[in-house]
Structure formats: structure tokens, C-alpha cells
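next input, structure requested:
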Amino acid sequence: MSPRKDCCVICGYDIRDYGTLEGKWLMEFRAIGINNSTDDPLQAPSDPTKRYDDENYDRHLTKEFYVTFCWEQTIAFVSHDACWKLFEEALKPDNIPLKRFIDICSSLPLIQIMGLFHWGHTYGGIYTFDNISAFPWEYSFLDQALDAEALRCARVNPWNIPTLRALMAETAHKPPMAGAPILNESSDCFRQFPWEIREAIANKLSTRDALSLRESSRAFQPLLASSTFWASRFQPGLDREFLFESYRRPEIRDWLSLYRSTSQKRSPPGLKNRTRIWNLINYILPLLKLRLAHDESRDWAYKSHETRLVEADAKLMQLVHRRNGSSNVLNDGCRLLKTQQAHIPQSLDSIALSFIEVGNHGHLTGICFSSKDGMKTQLGYLFPNGTMVYKVEDLSGFVLAIDPKGVRGVKIVHSNGDRSAWFGFPEMTPVTERLRVIDTTKPIRVSVDVRNRAPFSLQFLII
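Residues are numbered from 1 along each chain as shown. I've put the predicted structure just below:
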């Protein structure tokens with residue numbers, strides 16, 4: 001067996017003692033999971049309020065929290081303490097939903113030789129996909145990237161950044177930039193609004209969209225000199241939100257200078273690493289918000305010898321709990337959490353499909369059948385921001401683009417054979433027509449996994 005390696009479940013970099021003061025943060029980790037007593041090399045206080053370097057902490061006298069999540073079992077997941085603090089910042093004022101996060105991590109395939117969980121992305125460029133020995137729809141093996149700059153920045157503390165403090169001090173207490181509207185173009189519909197209203201409009205836009213608006217409307221020409229606009233770039237949801245120190249300390253500041261100094265090209269290494277990790281956290285946030293639909297659906301228990309199925313499914317793996325609290329490791333595909341069943345309404349009016357994109361993949365997360373009398377039958381996870389509605393009264397079945405992780409694309413088939421355009425992310429994915437013609441009077445069954453990046457298996461009862 002190869003030497004064990006542990007990687008942060010958030011940032012993907014090693015949890016290792018490099019023997020330097022600058023690299024100390026890489027060995028400070030948080031353990032999230034189930035307490036277990038083993039001779040594991042990674043140990044932490046079982047009390048979440050304690051740290052290993054507390055003066056009154058003695059690991060020989062205190063019950064330990066042992067971390068074992070590689071090789072043959074999963075007991076806990078680890079992240080750098082600095083990455084966990086950034087995770088907490090990204091969710092404020094809410095707390096991290098630990099149970100949901102553990103469920104999500106439990107459904108991640110594990111590259112055992114690397115101690116690395118596979119989210120479907122390259123952890124911000126510090127790994128590469130193996131696109132030679134795997135099909136595009138399969139989990140590509142990750143290997144360490146050859147980008148020396150990305151790897152160098154990944155070793156720098158993203159939480160404690162001394163150069164950032166100096167930069168904040170340098171841009172503080174400078175007078176705001178002058179900027180006042182001076183144009184009165186009669187052909188510009190925005191000119192009727194006071195400048196404060198125009199600023200408020202621009203503040204809600206991404207920087208790229210706001211600057212495009214400035215190019216198309218002379219009423220927004222003074223935007224570059226607006227301190228209010230550049231200050232808004234550091235608010236949650238916009239492109240400098242990771243610099244949370246700035247908007248939590250309201251000061252007079254040269255916001256444009258701070259914006260320019262914190263670009264990816266000019267940022268210090270620690271801030272580049274923070275930007276990378278913040279983007280990775282933003283992949284996780286939508287998954288934390290997904291909730292299983294329970295309205296019109298119910299769990300489905302059936303006896304296989306009494307039931308025949310026609311199905312199109314992903315590579316599903318049952319979750320197996322061991323006596324010590326650990327669970328079996330997932331190497332590929334997706335983790336089966338739950339099955340749901342419902343009948344398709346006979347007076348069908350429309351079908352809503354929910355998709356979510358995480359990393360380099362997008363998958364179906366939920367389906368909702370609406371009847372003409374307004375009743376809804378919902379299955380899976382419904383994601384409002386990623387839902388598309390298709391009007392259909394004469395459903396024949398579905399054509400699916402499906403890979404080992406779930407359904408990536410859907411075509412809806414009418415009873416006359418007509419098909420809708422693709423919904424979702426069907427590119428470079430195998431297509432099946434097993435469900436092109438179904439008996440819509442029979443129940444539909446779906447299987448979903450924990451995180452629902454790899455969620456769906458569709459199955460229909462047949463006689």
C-alpha cells in the first residue's frame with residue numbers, strides 16, 4: 001500500500017507539515033465527521049472549541065478525534081483551518097450546515113492514492129484532468145498540475161495575509177474620487193434619473209456588465225470616477241467579495257486603487273490563493289441549499305420479484321455503514337441516498353426540469369409535473385435558479401443523456417414522436433432512448449444521491 005496522503009476537502013492541497021513557519025498553516029486542520037479511536041496520524045481534540053496548541057490541552061489526557069477517511073473507509077473529512085474559516089465567512093450570517101456538508105462529502109468519489117476527493121473540477125488549476133485514458137463522460141483521473149505559479153500560491157496562507165493588511169492601510173483615509181454627471185443627452189433614456197439612481201443600478205451589476213452599460217449609455221460615463229460604484233465591488237455576490245475585511249470596516253478609501261491592486265494579476269500570492277479557494281467554496285454553496293422535494297412524492301419500497309422496471313440509471317453505489325461508524329468509500333459514480341415514486345398527472349400541462357452545474361459538469365437534480373388544475377408532483381431536488389419549464393400535454397417519454405454520475409440532458413418526447421430541444425448539459429455524453437416510449441399511467445421512480453451533482457436515475461414500472 002502506498003504511503004497515505006491527506007488533502008483538504010475544500011482546497012485540495014496537502015495537509016502536511018513542511019517544517020517552515022510560513023507553511024505551518026498547512027498542518028492546522030479541522031476534522032468533520034464521526035469520532036473514532038484508532039492509531040491515525042491525524043488527530044484533533046474532540047471538543048470543537050479546543051485547539052491543539054491551547055495551553056491546557058494535553059492529547060494524552062483528552063479524548064481524541066481521529067481522522068481516517070482514505071483507503072477502505074470514511075470516518076471524517078479534513079480541511080485546513082484557514083480554508084474552514086473562509087468557508088464560514090462565505091456563509092455568514094448563517095452557520096455551516098454540518099450534516100448537509102458531511103452528506104455532500106460522503107458522496108464524493110475518492111482518488112485513494114492521492115487522498116483527494118473529486119468534485120469534478122481541478123481545484124482551481126492545481127490538478128489536471130487525464131483526458132487520454134478516460135471518456136469525456138467519465139471521472140477523469142486527477143494529477144498534480146505543472147503550473148508552478150498555481151502550486152506556489154497554493155502553499156501560501158489564504159487567511160492571514162500581511163501584505164493585504166498593508167494594502168488596506170495604504171488605500172484607507174484617502175478622499176473619495178470626484179465624479180458627477182455632466183451629460184444631458186436627450187436620446188438617452190437614463191438621463192431622466194438622478195445620478196444616485198444610476199449609481200444604484202450599476203451597483204447591482206457585475207463589473208463587466210456595468211462597464212458595458214457605460215459604453216452603451218453616455219448617462220453612465222462618470223461611472224469610472226464613482227467611489228460608490230467601486231466600493232460596491234467588494235460587497236457579497238460581486239467580484240471582490242472575498243476581500244471581506246474591506247466591507248466590514250467602513251472607512252473612507254480609494255476603492256478604485258484597492259480594486260486594481262487586488263486583481264488576479266497584481267494580487268499577492270496569499271490573496272491569489274484566497275481567490276482560488278473562495279471560487280471553490282462558491283461551487284459548494286448551491287449544493288448546501290438543495291432540499292429534497294417531499295410535497296407529492298413518497299419513499300418507494302418494492303419487492304423486486306413482484307415488479308419489473310424499465311430504467312436508465314447512473315452508476316449507483318449503496319451507502320454502507322459499518323459498526324465503527326465509518327462508511328464505504330466511493331471511487332466512481334454516485335452515492336444512492338433515496339428513492340422516490342409518484343404518478344404522472346393524467347391531465348398534464350407542463351414539466352419543469354431542475355439542473356445544477358458544479359465544477360465541469362451539470363446534472364439533472366429534480367423534476368416537477370404540473371397538471372392543468374395546478375397540482376404539482378415533485379421528485380428529487382428542486383433548484384429554482386436552474387429550473388426550465390416545458391409545456392407538454394401528450395407525453396410519450398424521454399430521451400436522456402446520461403453518464404455514471406447521473407442524467408446530464410433531457411429531451412421530452414410527445415406522443416406523435418416530436419421531440420423538444422435538449423435541456424441541460426448533454427454535450428459529449430452517451431444518449432439512451434430506453435425511456436422514449438413509456439406507460440404514463442404507471443408510477444415514475446427516481447433515485448437521488450446526497451449532493452445531487454450526480455443525482456438521477458429514472459425508472460418506470462411496467463406490467
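
could you use CA atoms for every contact and neighbour count after this?
Fine.

based on its surroundings, how many neighbours for residue 246?
19 (other C-alpha atoms under 10 Å).

my bad, residue 161
15.

gap between it and residue 82?
11 Å (C-alpha to C-alpha, to the nearest Å).

go on, residue 255?
26 Å.

who has more neighbours, those two?
Shown here are residue 255 and residue 82; by other C-alpha under 10 Å, residue 255 has more neighbours (26 against 19).

would you agree that one is in contact with residue 230?
Yes - using C-alpha atoms under 8 Å, residue 255 is in contact with residue 230, at 5.5 Å.

now residue 85: which helix or strand?
Using DSSP states H and E, residue 85 sits in helix 81-91.

if you could redo that for residue 275, that was the one I meant.
Assessed by DSSP H and E, residue 275 sits inside helix 269-289.

quick check: mean pLDDT across that helix?
Across helix 269-289, pLDDT averages out at 92.

show me what it is packed against.
helix 81-91, helix 98-106, helix 148-154 (3 or more C-alpha pairs under 8 Å, 6 or more residues apart in numbering; DSSP states H and E).

in that helix, what counts as buried?
By neighbour count on 16 or more other C-alpha atoms under 10 Å, the buried set for helix 269-289 is 269-278, 280-281, 283-285, 287-288.

same deal with stretch 148-166?
150, 151, 153, 154, 155, 156, 157, 158, 159, 164.

identify the farthest-apart pair in these.
Distance extremes for those: the farthest pair is 151 and 164 at 19.9 Å, using C-alpha to C-alpha.

related to what we said a few turns ago, between the helix holding residue 275 and helix 98-106, how many degrees?
100 degrees (axes from the mean of the first three to the mean of the last three C-alpha atoms, to 10 degrees).

need the residues that contact helix 269-289.
10-11, 83, 86-87, 90, 97, 100-101, 104, 123-124, 152-154, 156-161, 164, 242, 262, 264, 358-359, 451-453 (C-alpha atoms under 8 Å, 6 or more residues apart in numbering).

so what's residue 12 closest to, chain neighbours aside?
residue 123 (6.0 Å; C-alpha to C-alpha, 6 or more residues apart in numbering).

for that neighbour, which three-state class applies?
coil (DSSP: H, G, I helix; E, B strand; the rest coil).

all strands for the stretch 151-300 of the chain, in order.
Taking DSSP state E, counting those that start in this stretch, the strands of the stretch 151-300 of the chain run over residues 298-299.

in it, which spans are helices?
Secondary structure of the stretch 151-300 of the chain (DSSP state H, counting those that start in this stretch): helices located at 162-171, 195-203, 207-216, 227-232, 244-247, 255-261, 269-289.

could you dump the ones you listed to CSV with distance to residue 129?
Formatted as CSV, the helices of the stretch 151-300 of the chain follow (distance: least, C-alpha to C-alpha, whole Å):
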stretch, distance to residue 129
helix 162-171, 33
helix 195-203, 37
helix 207-216, 30
helix 227-232, 36
helix 244-247, 32
helix 255-261, 32
helix 269-289, 17
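
right, and those - which one's nearest residue 429?
helix 269-289 (21.9 Å).

cheers, nothing more for now.
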